[in-house]
Structures are given as C-alpha cells and as structure tokens.
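Enquirer: 3D, please:
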Amino acid sequence: IITEGIDARIVSFGPKTTKGFEGVEDLGLDGQIIHWEGLQIHFRLIGYHNLLNALAAISVATELGVERIKIKDALENAEPLFGRSQVIRDDVTILLDCYNANPDSLSSVISFFEDLRWSGRKIAVIGSMYELGELSRESHLQVARLAIESGIDIVLFFGDEFVSVKELLEESFGEDSLKSCEWYNNFEKLERRVGSLLKSGDIVLLKASRGVELERLLPVIEKSVV
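Expert: Sure thing, here's the model as predicted:
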C-alpha cells in the first residue's frame, strides 16, 4: 500500500472520498458540471481524468482552508493548456490532446471519444507513445486493440511502434475487421491522407507523445474543408 510508512495524515480524493462531492454532469466538449457542497461548478476541462484532477484540487484546497466560493471560481476559470484536452471548434472540430501520451491517458481519451455524442464522423489520429521501455510493444498493442474495438469511425495509427504490431492485429481481428484502420510511419503520407479525408461536421482526435508533434497536422486540418 502506497501510504504505508508515511508519518502524516492521509487525505484521499475521488468520487467516493472527496468530501462534499455530490455528483457530476457530463457536458461533452463543454466540460462538466461538478456538484459539490451545494454548488454547481462549470469545469470546462473534459473527461473523467480531468474530473479526478478537479477533485484532487478541491480536496487540497479544502485542507488548506480555502473558501468554497474561491474554489468554485478557480475551477470555473481553469482553461486547458496547449495540447491538453484542448477543443478547437470549426467546420472540423479538433480535440487536441497531443502534449503527452501513455497507455492510461490514451485509454481514457479513447473512452471519452467513443462515448461522446456527435452527429458527424469521429476520426482518431493516434501516434506513438515514447519512453515505455520493454513495455512498449505490449502497450501499443493494447491501445490499438482498444481503439479498434471502440467503434470510432476511422482510426489512423502513426509511428513505427504501431506499424510493428499491425500484423498481430490482422491475425487477431482479421483484415475485414480493420477496414476502418490505417497505419503510417511517414508524416507526409499521413498529412496528405488527413487532408483528403476530412469533411465538414467531422471531429478529429489528435493524441500522441510530445515527440511526435501531432500538432503539425493542425494547418492541414484547418485547410481541409473550404
């Protein structure tokens, strides 16, 4: 247990343990309404992972004696940093979450993207996860399986790490089941494909490790729909 041997009072956080937490309403790309201590807090960051961050902040601030209204104001004024749960709204909406990636964060955003209510197509561009060491191959395989099974309309995998597990996925799912998936390890080819693929009303998820720099796709996405 992580708390063993710590000579201090332990304060936990989460939906079941943050004091005063009364529930949450998911607003999709508009964030979420956190019900806490009789207050309704419009928290603009999306997804369950960001809800946990908010509950951690609430728990810490409460322990430090910060006033309830100041906690509410701070959370309502929180804005996503570059590449972290950013929503860019245009003819093609972009969920820009490409500042970093690991198996947990990728799994979380894929689940959010899958459950998101959206009338148009959902397209995910998922790039390599770096610095995973000996866990890299298995991690990319697991994330690819999750994306394939998610029901996202089109998934574009980018990077050698994903290309290396393509054959295993074909053996597991069968080529017919992977018709909505494509693999690239050349950025120019990925860029051309994204530019030719998109149409008005689509939403695109960009998720990868920082070194992949998937934000390089922003100009071609913004120019893809005239």
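
Enquirer: show me where this protein has strands.
Expert: Counting by DSSP state E, the chain has strands at residues 21-26, 32-36, 39-43, 86-88, 93-96, 122-127, 154-158, 181-184, 203-207.

Enquirer: just so I know, which of these lies nearest residue 139?
Expert: strand 122-127 (12.2 Å; Cβ to Cβ). For glycine as for every other residue, the C-beta is placed from the backbone atoms N, C-alpha and C.

Enquirer: so how far is that closest one off the chain centroid?
Expert: 11 Å (Cα atoms, centre = their mean, to the nearest Å).

Enquirer: got the angle for it vs strand 203-207?
Expert: 20 degrees (axes from the mean of the first three to the mean of the last three Cα atoms, to 10 degrees).

Enquirer: can you list the strands that strand 122-127 pairs with?
Expert: Strand 122-127 has the following sheet partners, assigned by DSSP bridges: strand 154-158 (parallel), strand 203-207 (parallel).

Enquirer: and the average pLDDT for that strand is what?
Expert: Averaged over strand 122-127, pLDDT sits at 97.

Enquirer: quick check: buried residues in stretch 45-61?
Expert: Residues 45-47, 49-51, 53-55, 57-59, 61 are the ones in stretch 45-61 that count as buried (16 or more other Cβ atoms under 10 Å).

Enquirer: and of the residues you listed, the nearest to residue 130?
Expert: Nearest member of the buried residues of stretch 45-61 to residue 130, counting by Cβ to Cβ, is residue 49, at 19.6 Å.

Enquirer: list the helices and strands the longest helix along the chain packs on?
Expert: For the chain, the longest helix by residue count, based on DSSP state H, is helix 48-63. Judged by 3 or more Cβ pairs under 8 Å, 6 or more residues apart in numbering; DSSP states H and E, the packing partners of helix 48-63 are strand 21-26, strand 32-36, strand 39-43, helix 68-76, helix 103-115.

Enquirer: any chance of the strands of the chain in JSON lines with mean neighbour count and distance to residue 71 as columns?
Expert: Shown next, in JSON lines, are the strands of the chain (neighbours: other Cβ atoms under 10 Å; distance: least, Cβ to Cβ, whole Å):
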{"stretch": "strand 21-26", "mean neighbour count": "14", "distance to residue 71": "12"}
{"stretch": "strand 32-36", "mean neighbour count": "19", "distance to residue 71": "8"}
{"stretch": "strand 39-43", "mean neighbour count": "17", "distance to residue 71": "8"}
{"stretch": "strand 86-88", "mean neighbour count": "17", "distance to residue 71": "24"}
{"stretch": "strand 93-96", "mean neighbour count": "21", "distance to residue 71": "27"}
{"stretch": "strand 122-127", "mean neighbour count": "24", "distance to residue 71": "34"}
{"stretch": "strand 154-158", "mean neighbour count": "23", "distance to residue 71": "39"}
{"stretch": "strand 181-184", "mean neighbour count": "20", "distance to residue 71": "43"}
{"stretch": "strand 203-207", "mean neighbour count": "25", "distance to residue 71": "30"}
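
Enquirer: what's the closest of those to residue 73?
Expert: Among the strands of the chain, strand 39-43 sits nearest to residue 73 (Cβ to Cβ), with 9.1 Å.
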